[in-house]
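Engineer: Here is my input; please provide its structure:
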Amino acid sequence: MKKLLPVLCGLLLACNRPSPAPTGSPDGSVAVAPVAVAPKEEPARADAGAPPEAPRETGAGAPRCSASTLSPEPKPAKPPLPAKVESMRRRIIAAAVACDYETLTALSLEEGKEFNPGSGGETDLAAFWRKQEQQGDPVLARLVRVLNLPYSGEGEHYLWPSAAGMFRKAKDWEAIEGLYPPETIARWKGTEKGYTGLRTGIHLNGDWLFAMSGE
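Structural biologist: Sure thing, here's the model as predicted:
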């Protein structure tokens, strides 16, 4: 019994010993153990799982032709043209730059009169010009450039370029430089028929009369 007495006293002292106070910081505040916080779940997006948006078309599939890089805005005509003639000129240029063969055909038939495309019997203007473009002949680019050149007003008819007119002068030949090779222009100058490149005409009433090349 005497041997057990010290052991019992030691157990009693251990049970009655106060718990150590929380460790304080140097400024006297009590340190609090950090509490683990569960990560917050993000709400599901309404478009989750939806297929990605397709890239917008950038014009890669737009029609291409020899005139597609030219400006659809015509140069000011000098002197200014009658309203109906100017309107037709603008619409022809816009359709050519857009490579819109069908609209060009519609413009050629707008007044219901016969249109001369100089196509050697081909009646489908759209098919004729499309074939020329595919064969490497830049007919639409030439059409736009010709309609931006000086014109010749002869009676009720307005003719482009002025080099195709009856009373052409040196400045009219100078105006078509760059439209055709210099040797071609030199050959035309030395012939009685003169300029036989692409030429086009519009009537005073706005009727598109022809667009043709050759003799």
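
Engineer: Okay, and R130 sits in which element?
Structural biologist: Here R130 sits within helix 125-134, counting by DSSP states H and E.

Engineer: Go through that helix and flag the buried ones.
Structural biologist: Across helix 125-134, burial judged by 16 or more other CB atoms under 10 Å covers L125, A126, F128, W129, R130, Q132, E133. Every residue, glycine included, has its C-beta placed from N, CA and C.

Engineer: Going by distance to L209, which of these wins?
Structural biologist: Looking at these and their distance to L209, the nearest is L125, at 12.9 Å (CB to CB).

Engineer: distance of that closest one from R168?
Structural biologist: Here L125 is placed at a distance of 27 Å from R168 (CB to CB, to the nearest Å).

Engineer: same deal with L159?
Structural biologist: Distance, L159 to R168, by CB to CB: 10 Å.

Engineer: Need the overlap of contacts for those two.
Structural biologist: Shared contacts of L159 and R168, defined by CB atoms under 8 Å, 6 or more residues apart in numbering, are found at S152.

Engineer: CA atoms of the longest helix seen in the chain as PDB?
Structural biologist: Secondary structure of the chain per DSSP state H: the longest helix is helix 83-97. Once side chains and other backbone atoms are set aside, the C-alpha atoms of helix 83-97 remain, and they are given as PDB (Å, rounded to 0.1, in the frame of the first residue of the first chain):
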ATOM      1  CA  ALA A  83     -28.100  62.200-114.700                       C
ATOM      2  CA  LYS A  84     -29.400  59.100-116.400                       C
ATOM      3  CA  VAL A  85     -26.000  58.500-118.100                       C
ATOM      4  CA  GLU A  86     -24.100  59.000-114.900                       C
ATOM      5  CA  SER A  87     -26.500  56.600-113.000                       C
ATOM      6  CA  MET A  88     -25.900  53.800-115.500                       C
ATOM      7  CA  ARG A  89     -22.200  54.400-115.500                       C
ATOM      8  CA  ARG A  90     -22.100  54.100-111.700                       C
ATOM      9  CA  ARG A  91     -24.200  50.900-111.700                       C
ATOM     10  CA  ILE A  92     -22.000  49.200-114.400                       C
ATOM     11  CA  ILE A  93     -18.900  50.000-112.400                       C
ATOM     12  CA  ALA A  94     -20.400  48.700-109.200                       C
ATOM     13  CA  ALA A  95     -21.600  45.400-110.800                       C
ATOM     14  CA  ALA A  96     -18.200  44.800-112.500                       C
ATOM     15  CA  VAL A  97     -16.200  45.400-109.300                       C
END
